[in-house]
Structures are given as C-alpha cells and as structure tokens.
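Asks: sequence first, predicted coordinates after that:
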Amino acid sequence: MEKHTLIQDIVGNTPLLFIPSLSQRTGCQIYAKAEFLNPGGSVKDRTALGIILDAEKRGVLKPGMTIVEGTAGNTGIGIATIAAQKGYRCLMVLPNNQSVEKYQTLEALNVEVLKVPPCPFADQNHFYHQARRISESEPAKYFWANQFENTANFQVHYETTGPEIWRQTNHKVDVFCSAVGTGGTLAGVSQYLKEQNPKCQIVLLDPMGSGLFEYVKNGQIKSTGGSVTEGIGIMRLTQNFKRAKIDEALQINDEQMISMLYYVAKTEGLLVGTSAALNLYGAYKMGLTYKDSQKTIVTVLCDSALRYQSKVFNSEWLSEKKLTPSENLI
C-alpha cells in the first residue's frame, strides 16, 4: 500500500518559477521560489517544520505541550498547520496591525491569538518578549519556538531551500537576493550556495524602516522611514541572520514594491504578497545591474497576495498609505 502523505510531507520542494517579463526587461534569467505553495501558504512552513522536528528530537517539545511564538503571522500559521496534526496547542502573540487574513487563518486553525500594540524591540511589550515571558511562566506547559534566535530555522533552509534552488537551476546561480524577517532563509540559502559557488553574489533586500541595509553598507544598524510590508525588516542581529553570507544590500521603498505587486499580477498572473513583491523588485534591480548578461538571478516568493488582499487590493487602504501602483517599473 502506498505511504500516506501528511501535511508535513508537502512542506518544501516548491517549484522555481521563471519570470518571463522581468527576464526580458533585464536580459537576465530571473527565477523565484514559489514558497506560497507550501501547505500553510508561506516560506515560514519550512521554519515551522524545522523548529518542531528539532525540538521533538531534543525532547524539549513533548505531547500535551503548547507551542508559543511571537510572530507577524506566517510563522504562526506554519506552526499551527503542522501542530494541528501532531496534537499540540498553539498560542501566538502578534502585533495588532497585521492583515485581517492572518488573524482569521490563525483562528480557523484553533490558535489562541494575543494581539499587542506594535513597539520597538527594546520595549519589553514587544511581541517577541511577551511570547518569551509566557513560555517562561510555565516551562513544563509551553515550548517557545523562538524563530529569531533558534538556529533550527537557519538549518532547515540550509538543508532544503538552498539545495532545491541549486538543483532546480542546474547548478547555476549567479545572484540570490532576499529580504530578511528572522534571517533564516537568507542565512541558510546563502551559506549553501556559497559552498557550491563562492562567486555567487548574495544580496540583502531591505524595506525602509529596517536597519540592516545600513549595517551591511556601513556597519551600523540605522533606519529611516517606514514600510507597509509585513514580517520583514529588523533592527538587530539575530543568531540566524549572523550566519548569512552577504555581499551587497539594496533598499526598496513601498512605491517600488506595490508597483511590482501589481505589475506581476497583470503581466504574469502572479498574486504575490508584499515581501515577495519587494523581493521581485530587488531581483529586477539586480537584473538591470547585470543587464543583458544572461546571469541567473533567484529570489523567494514568501507568500501570496491573498494573505493581504484586504489591504493591497483595497483602493481606500492604498490611498490612506499614499501608494499609487505605477504602470511602469521604475
């Protein structure tokens, strides 16, 4: 009898999509990893599975325990998707300014959701610290996933995402570029690709309001402006991010991001989320840098636009944020 397929068995091994219009515009081969096709709808399913399997193996996550995490939503959804089948309960602490689709999805997955006001990481009311304190209050009851500092996050991308990209490009990756939430994806993929091809260019893509662009460029964590993107951009060096092998950094604003989001919807039939649109814009900019070189450029489609449709496809929201998708990519 054929082996039964479980939810956790279909995490990863996502397609690598060729993006014809951006490739034609730049004269490079631009590809994007379709992580929105994971069962929980995002790249964070990999992180969730890696953290849960590692914790079970180490004996720190046991039957009957509740998984606690501070998240912008996607990691919580990934954890809850896998936890449901394994019989764990979940408690997720989220900023109260995330898309309504994320809260609805978490509640459908029977997650207890604690919404807190967004604040700087240094503030002890930050969602990260609140999740940590809950887990510390009853260690026998709660397991804290700690996606930012838990290097099982980096490890799962080193063991799966990186090798998949290398195989899917027939061992030819000239540039890999991605934004950072925890740093796990960029760290794991960059380390793997650099081991295969030391000349592979690794590019950090950073939204306004994040401090990592300045850190890569000048060694100081400093930020200017802000961004409507969710789940990316940080003001500190996480244990996962510290493992990233970065050569270059680009800063991308919301106008560029939203224009790309609408462009690929109309041109490619691709409905991508805000971080994915930012990643595609970064890949496009790198393509223009290497114009007509036929270099292979790879990025990540972190999640789908359907997780943000109440915002990005809402003319009132766009107007409120002073965002007008441009007909032409800048």
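Replies: Great, that's in hand.
Asks: so where do the strands sit in the stretch 201-330 of the chain?
Replies: Applying DSSP state E, counting those that start in this stretch to the stretch 201-330 of the chain gives strands spanning 201-207, 248-252, 296-301.
Asks: tally of neighbours for Leu16?
Replies: 14 (other CB atoms under 10 Å). C-beta here means a position set from N, CA and C on the backbone, and glycine is covered the same way.
Asks: also the one 5 residues further on?
Replies: With neighbours defined by other CB under 10 Å, the count for Ser21 comes to 16.
Asks: next one: Gly219
Replies: Residues near Gly219, counting by other CB under 10 Å, number 7.
Asks: then Gln130?
Replies: Quick note: Gln130 (other CB under 10 Å) scores 16 neighbours.
Asks: from Glu69, how far off is it?
Replies: 11 Å (CB to CB, to the nearest Å).
Asks: need the overlap of contacts for these two.
Replies: Val93 (CB atoms under 8 Å, 6 or more residues apart in numbering).
Asks: Lys102 in helix, strand or coil?
Replies: Here Lys102 is recorded as helix under DSSP: H, G, I helix; E, B strand; the rest coil.
Asks: ok, it to Lys44 distance?
Replies: Applying CB to CB to Lys102 and Lys44 gives a distance of 11 Å.
Asks: what mean pLDDT does stretch 289-300 get?
Replies: Taken as a whole, stretch 289-300 carries a mean pLDDT of 97.
Asks: hang on, I meant stretch 47-59
Replies: Confidence for stretch 47-59, expressed as mean pLDDT, is 98.
Asks: ditto for stretch 85-93
Replies: The average pLDDT for stretch 85-93 rounds to 96.
Asks: and for it, what's in contact with it?
Replies: Under CB under 8 Å, 6+ apart, the answer for stretch 85-93 is 6-8, 52, 61, 63, 65-71, 76, 79-80, 83, 106, 109-114, 116, 127, 130-131, 134, 142-143.
Asks: count of neighbours near Thr224?
Replies: Neighbours around Thr224, by other CB under 10 Å: 11.
Asks: wait, it touches Ser210, no?
Replies: No. Applying CB atoms under 8 Å as the test, Thr224 and Ser210 come out as separate, 9.7 Å apart.
Asks: follow-up on the earlier one: give me the buried subset of the contacts of stretch 85-93.
Replies: 7-8, 52, 61, 65-71, 76, 79-80, 83, 106, 109, 111, 113-114, 116, 127, 130-131, 134, 142-143 (16 or more other CB atoms under 10 Å).
Asks: where does the protein dip in pLDDT?
Replies: 1 (pLDDT under 70).
Asks: which residue ranges form the helices in it?
Replies: 20-26, 44-58, 74-86, 100-108, 127-137, 152-156, 162-168, 184-196, 212-218, 254-268, 274-289, 309-312, 315-320 (DSSP state H).
Asks: gap between the residue lying closest to Ala84 once chain neighbours are set aside and Ala48?
Replies: Residue nearest to Ala84 in three dimensions, not counting chain neighbours: Leu109, with 6.1 Å by CB to CB, 6 or more residues apart in numbering. Separation of Leu109 from Ala48 (CB to CB) stands at 12 Å.
Asks: ok, which of the helices of the chain comes nearest Val298?
Replies: Closest approach to Val298 among these (CB to CB): helix 162-168, 5.6 Å.
Asks: that closest one - contacts with which helices or strands?
Replies: Other helices and strands packing on helix 162-168, by 3 or more CB pairs under 8 Å, 6 or more residues apart in numbering; DSSP states H and E, are strand 16-18, strand 29-34, helix 184-196.
Asks: which stretch among the ones you listed is buried most, on average?
Replies: Neighbour counts averaged per stretch over the helices and strands packed on helix 162-168 are highest for helix 184-196, at a mean of 24; criterion: mean count of other CB atoms under 10 Å.
Asks: Ile221 is in contact with Leu212, correct?
Replies: Yes. Look at Leu212 against Ile221 with CB under 8 Å: they come within range, at 7.2 Å.
Asks: of those two, who's got more company?
Replies: Neighbours per residue, other CB under 10 Å: of Leu212 and Ile221, the larger number sits with Leu212, 29 against 15.
Asks: contacts only, for the more buried one.
Replies: 180, 204, 206, 221, 233-234, 241, 249.
Asks: just put the residues you listed in TSV and tack on distance to Ala122.
Replies: Below are those laid out as TSV (distance: CB to CB, whole Å):
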residue	distance to Ala122
Val180	19
Leu204	22
Asp206	20
Ile221	12
Gly233	16
Ile234	12
Phe241	17
Ala249	23
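Asks: cool, thanks, talk later.
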